[in-house]
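Participant: Sequence and predicted structure are below.
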Amino acid sequence: MRLHGSKRQVGDDRAGTPGESALAVELRGVRRQYGRGSTALHALAGIDLALGRGTFTAVMGPSGSGKSTFLQCAAGLDRPTAGSVRLGGVEITGLRENRLTELRRSRLGFVFQAFNLLPSLTVEENVLLPMRLAGQRRDRRRAADVLARVGLADKARRRPGELSGGQQQRVAIARALVTSPDVIFADEPTGALDTTTAAEVLGLLRQAVDLLGATVVMVTHDPAAAAWADRVLFLADGLFAGGLDRGSAEQIAARMAALGSPAGAMAGAAA
């Protein structure tokens, strides 16, 4: 199963807007604190990050390292306590909620572990939901195109309950692709899937980057999943503690193990 289509080049669509950043995601000095005083939790302690368009980045870290908070802040689902977030060249930190919601619907795609499909809607209706919520014309040809890309051209009239878990996640990927978003954020997208099905889903995300010019930011706990990315970034105690380019699952697992010790985390930060 492969995606088909030409890779979107800089200069096409939104990427060609004059003055727009070549970066898909920028975080500068991002902090997220919950509570105050001595009981305050510093989930993010000062994140700096710049990701180019057309890249696949995985973010990993031990439990409590700040992975989920990072994704929520980067995707505009949560507001940082301090710092700046830019998506597709747009500063989102100070946007009003209605404008932020509009941006998420039109310029971002999301893939979650639990699929988040509406059981009462058909596959086609689920794919077109971002367009519907954004007040755009529901383009059935576009839905058919993205469903074909993920190998579900014959499932448009089905409902999610009639599909396997892997097929439901492919519907979620089609939904994420339908608006040609600046960034696709994936939160443990293979956490509920078996190894073979997980590889199929990760292959679709990889091809979305390589063939369509999509930008993918994925949070995962699985070294085998992270190995599909161009670069793996490691979080520890709310800070990035190094990265690994095109690492194997074994190399990624070893780096994760090193984060479990103070010396390993310090070594990672210096990498």
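Facilitator: Everything's here; your move.

Participant: Nearest to the spatial middle of the chain, which residue is it?
Facilitator: Geometric centre of the chain, nearest residue: Phe185, 1.6 Å, by Cα atoms, centre = their mean.

Participant: if I've got this straight, it is in a helix?
Facilitator: No. Judged by DSSP: H, G, I helix; E, B strand; the rest coil, Phe185 forms no part of a helix; its state is strand.

Participant: Could you number the chain from 445 rather than 1 from now on?
Facilitator: Sure, I'll start counting at 445 from here, so that last one is Phe629.

Participant: which non-adjacent residue is nearest it?
Facilitator: Leaving aside its chain neighbours, Phe629 sits nearest to Ala519 (4.6 Å; criterion: Cβ to Cβ, 6 or more residues apart in numbering). Every residue, glycine included, has its C-beta placed from N, CA and C.

Participant: Which parts of the stretch 495-644 of the chain are helices?
Facilitator: With DSSP state H, counting those that start in this stretch, the ranges of helices along the stretch 495-644 of the chain come out as 511-518, 541-551, 567-577, 584-593, 609-621, 639-656.

Participant: Which one of the ones you listed lies nearest to Arg480?
Facilitator: Arg480 lies closest to helix 511-518 among the helices of the stretch 495-644 of the chain, at 16.9 Å (Cβ to Cβ).

Participant: surely the residue nearest to the centre of the chain meets Gln516?
Facilitator: No. If you go by Cβ atoms under 8 Å, Phe629 and Gln516 don't touch, sitting 9.2 Å apart.

Participant: looking at the helices of the stretch 495-644 of the chain, which is buried most?
Facilitator: helix 609-621 (a mean of 24; mean count of other Cβ atoms under 10 Å).

Participant: What's the mean pLDDT across it?
Facilitator: For helix 609-621, mean pLDDT rounds to 96.

Participant: for stretch 629-646, same thing?
Facilitator: For stretch 629-646, mean pLDDT rounds to 94.

Participant: for the residue nearest to the centre of the chain, what are its contacts?
Facilitator: Going by Cβ atoms under 8 Å, 6 or more residues apart in numbering, Phe629 touches 515, 518-519, 552-555, 661-662.

Participant: Looking at these, spot the one nearest Met575.
Facilitator: Of the contacts of Phe629, the one sitting nearest to Met575 (Cβ to Cβ) turns out to be Gly553, at 12.0 Å.

Participant: And the closest residue in space to Thr639 that isn't next to it in sequence, how far from Gln695?
Facilitator: Excluding the flanking residues, the one nearest Thr639 by Cβ to Cβ, 6+ apart is Ala668, at 7.7 Å. Ala668 is 12 Å from Gln695, where distance means Cβ to Cβ, to the nearest Å.

Participant: so Ala671 sits right up against Asp689, yeah?
Facilitator: No. Using Cβ under 8 Å, Ala671 is not in contact with Asp689; the gap is 11.4 Å.
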